[in-house]
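Engineer: the amino acid sequence is not available; the structure is as follows:
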């Protein structure tokens, strides 16, 4: 009999959710349902936690008992206590806030926290665009820049549970201060708001729309961000031997306007590995990737598929 798992992907605007079923001897799940509700983040951490609980309880009422619930979160947390350490792009008094255990207790299933970009990577590397990769880099582009690494089908979290922080590698030592406190992080120079600022428009969507119409300022802003993204990707490819890069997130709705400049810039940055041997792919699972990955994190909590 298949086990069911809930995945909750916490975002500043929406909570995306999914229920998956996994047969006992299988690693690739069936997605039973996926959808979203408003987060109501402006009401603070307690309300956000209550929203996660409400969604989890609704899903168990509709789909029956679940073996676990995974929660994808936009930041860093204490792997032992389940308390939040740092949410760079979600306002409120989150530091030290208890999220994992209260949600699990209310839903009636063991809860697991996973960084949202790592959840995206786990989903895309298990059933998405990177499912056949040997070493995959997942990249999320949106309000911030996140990432994750999968090696031989296993999500690599490193010694501290934080491996894969793609957006917080230094690519410009003299660059602007990042929300994490470092200077010149990839996120600080290439996230959506930076592209918009450089393009002279209100948001990244407008920047890519202007670029699509040939606006030189917008095209230059995207080229600059792509240059830094290519540096970041080249660094990870060189260190980990990545053969597949899967790119997702809100900014990837612009499609080839993002992808093509990155591929071009990457060809200039890679020297030890021919760029032609590295596949740069658009994510396949859309907005449900984070929720599916969170559910998989609950499924793989005690297995070798997450290390």
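Structural biologist: Good, I have the coordinates. Every value quoted in this text rests on a predicted model; they were computed, and no experiment measured them.

Engineer: need the nearest residue in space to residue 140, chain neighbours excluded.
Structural biologist: Sequence neighbours aside, residue 249 is the residue nearest to residue 140 in space, at 3.9 Å (criterion: Cβ to Cβ, 6 or more residues apart in numbering). No exception for glycine: its C-beta is placed from N, CA and C like everyone else's.

Engineer: my read is that that neighbour contacts residue 141, right?
Structural biologist: Yes - in this structure residue 249 lies within contact range of residue 141 using Cβ atoms under 8 Å: 4.1 Å.

Engineer: those two: who's more crowded?
Structural biologist: residue 141 (28 against 25; other Cβ atoms under 10 Å).

Engineer: quick one: contacts of stretch 106-114?
Structural biologist: For stretch 106-114, contacts defined as Cβ atoms under 8 Å, 6 or more residues apart in numbering pick out 6, 53, 56-57, 60, 65-73, 77, 79, 82, 99-101, 103-104, 122, 293-294, 297-298, 301.

Engineer: go on, stretch 183-198?
Structural biologist: Defining contact as Cβ under 8 Å, 6+ apart, one finds that stretch 183-198 is touched by 88, 141-145, 166-180, 182, 202-204, 206-207, 217, 220-222, 224-226, 228-229, 231-232, 250-251.

Engineer: please enumerate the strands of the stretch 1-150 of the chain.
Structural biologist: 3-10, 14-22, 30-38, 68-73, 76-77, 84-86, 111-115, 135-141, 145-151 (DSSP state E, counting those that start in this stretch).

Engineer: need the ones you listed in JSON lines with distance to residue 129, can you?
Structural biologist: As requested, those are arranged in JSON lines below (distance: least, Cβ to Cβ, whole Å):
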{"stretch": "strand 3-10", "distance to residue 129": "18"}
{"stretch": "strand 14-22", "distance to residue 129": "17"}
{"stretch": "strand 30-38", "distance to residue 129": "15"}
{"stretch": "strand 68-73", "distance to residue 129": "18"}
{"stretch": "strand 76-77", "distance to residue 129": "26"}
{"stretch": "strand 84-86", "distance to residue 129": "29"}
{"stretch": "strand 111-115", "distance to residue 129": "19"}
{"stretch": "strand 135-141", "distance to residue 129": "9"}
{"stretch": "strand 145-151", "distance to residue 129": "12"}
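
Engineer: let me have those strands in a markdown table, adding mean pLDDT as columns.
Structural biologist: Formatted as a markdown table, these follow (pLDDT from 0 to 100):
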| stretch | mean pLDDT |
| --- | --- |
| strand 3-10 | 96 |
| strand 14-22 | 94 |
| strand 30-38 | 94 |
| strand 68-73 | 96 |
| strand 76-77 | 90 |
| strand 84-86 | 89 |
| strand 111-115 | 96 |
| strand 135-141 | 96 |
| strand 145-151 | 96 |
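
Engineer: right, and these - which one's nearest residue 279?
Structural biologist: Minimum separation from residue 279 across the strands of the stretch 1-150 of the chain (Cβ to Cβ) falls at strand 135-141, 9.3 Å.

Engineer: for the closest one, enumerate the helices and strands it packs against.
Structural biologist: With contacts taken as 3 or more Cβ pairs under 8 Å, 6 or more residues apart in numbering; DSSP states H and E, strand 135-141 sits against helix 116-126, strand 145-151, helix 216-240, strand 244-248.

Engineer: deepest-packed of the ones you listed, please.
Structural biologist: The highest mean neighbour count among these, using mean count of other Cβ atoms under 10 Å, belongs to helix 116-126: a mean of 30.
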